[in-house]
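Participant: Compute the structure for the input listed below.
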Amino acid sequence: MWGNLWRAAIVGAVIVGAGSAPAFAADGSYVPNTPDESGLNGSVVQSLCVHQAPAIDYSIVRVDASAAARTASAPSAELVISGDGRQLSVPLTVDDAGEGHGTVLWPGVEVDGDGTVEALPGWVRSGDQWTPRDDAAAWTTGAVTAQLRVGDESIAVPLAYPGYSDTCATPTGVASNGTPGTLAFTGGQWPIAAAVGGAAAVAGGLLLIARRRRRVES
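Facilitator: Sure thing, here's the model as predicted:
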């Protein structure tokens, strides 16, 4: 009798759970249920220089449980940069699903029709010279944090100004670390070392000559 009751209970449990995802595959192995995921995981933001112009490259990927979960109208997308108690927003172009990729100029960067960089955060070109300025994006060359926002979703992303180098527009007199009025370590170190080494060699040679003279005289 008890055996019949146990069989009935098992059959009832199977019938009740028929509407849910199966817990076992056809071969009897366990298949865990995958939880629904949504958000901007997989999106990437990075800084770079394009033809000497500091820029931001982005690729936005939205992970949704289903296509129905996507917004009916095209959502707005932006990259919000924060730092030094300030904040600014960089609009990004996406499709109706809120996804897309592209490249935009770093805030404060301006180029002319030929692609020549005419302004940088904190700097403006005047002929062949660069003049410091206190524009709205001057602070973005320092330590910043960034957040990617698409519709009601957001995700923190690492971001930093691409810096000053041979591949990026660099104001005259600004080192690679962004410090005005300093020179890079490359160049200038070897001549000093050579001069010190040469002086030491000369002093050593004179000392040997003096010792030899004293020996001969004695």
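
Participant: what about this structure, any weak spots by pLDDT?
Facilitator: Scanning the chain for pLDDT under 70 picks out 1-38, 64-73, 175-218.

Participant: Going along the chain, name the helices of it.
Facilitator: Taking DSSP state H as the criterion, the chain carries its helices at 2-16, 189-217.

Participant: Contacts only, for the closest residue to residue 91 other than its chain neighbours.
Facilitator: In space, residue 91 comes closest to residue 78 once its chain neighbours are excluded; the distance is 5.4 Å by Cβ to Cβ, 6 or more residues apart in numbering. Quick note: C-beta positions are derived from backbone N, CA and C, even for glycine. Counting by Cβ atoms under 8 Å, 6 or more residues apart in numbering, residue 78 makes contact with 89-92, 148-149.

Participant: got it, and residue 112?
Facilitator: Residue 112 neighbours (Cβ under 8 Å, 6+ apart): residue 118.

Participant: Distance of it relative to residue 118?
Facilitator: 5 Å (Cβ to Cβ, to the nearest Å).

Participant: Isn't residue 157 up against residue 150?
Facilitator: No - counting by Cβ atoms under 8 Å, residue 157 does not reach residue 150; the two are 11.9 Å apart.

Participant: So if I had to pick from these two, which one is more boxed in?
Facilitator: The neighbour count for residue 157 versus residue 150, taken as other Cβ atoms under 10 Å, is higher for residue 150 (24 against 17).

Participant: Does the more buried one touch residue 77 like I think?
Facilitator: Yes - counting by Cβ under 8 Å, residue 150 does reach residue 77; the two are 4.6 Å apart.

Participant: what touches both of the two?
Facilitator: Common neighbours of residue 150 and residue 77 (Cβ under 8 Å, 6+ apart) are 60, 94, 98.

Participant: which of the residues you listed has the most neighbours?
Facilitator: Of the shared contacts of residue 150 and residue 77, with other Cβ under 10 Å as the count, residue 60 tops at 25 neighbours.

Participant: Now that residue. Nearest residue, chain neighbours left out?
Facilitator: residue 43 is the one closest to residue 60 (Cβ to Cβ, 6+ apart), at 4.8 Å.

Participant: now swap in residue 135 and tell me
Facilitator: In space, residue 135 is closest to residue 108, 5.5 Å off (Cβ to Cβ, 6+ apart).

Participant: Tell me the spacing between the one you found and residue 138.
Facilitator: For residue 108, the distance to residue 138 - Cβ to Cβ - is 7 Å.

Participant: and if you look at residue 117?
Facilitator: 15 Å.

Participant: now the nearest residue to residue 80 once chain neighbours are set aside: how far from residue 124?
Facilitator: Distances taken as Cβ to Cβ, 6+ apart place residue 147 nearest to residue 80, at 4.7 Å, with adjacent residues excluded. According to Cβ to Cβ, residue 147 and residue 124 sit 28 Å apart.

Participant: Between residue 108 and residue 138, which contacts overlap?
Facilitator: Common neighbours of residue 108 and residue 138 (Cβ under 8 Å, 6+ apart) are 121-122.

Participant: count of residues packed around residue 110?
Facilitator: Neighbours around residue 110, by other Cβ under 10 Å: 14.

Participant: hang on, it packs against residue 117?
Facilitator: Yes - contact criterion Cβ under 8 Å: residue 110 and residue 117 qualify, at 7.4 Å.

Participant: now the residue nearest to residue 135: how far from residue 75?
Facilitator: 26 Å.
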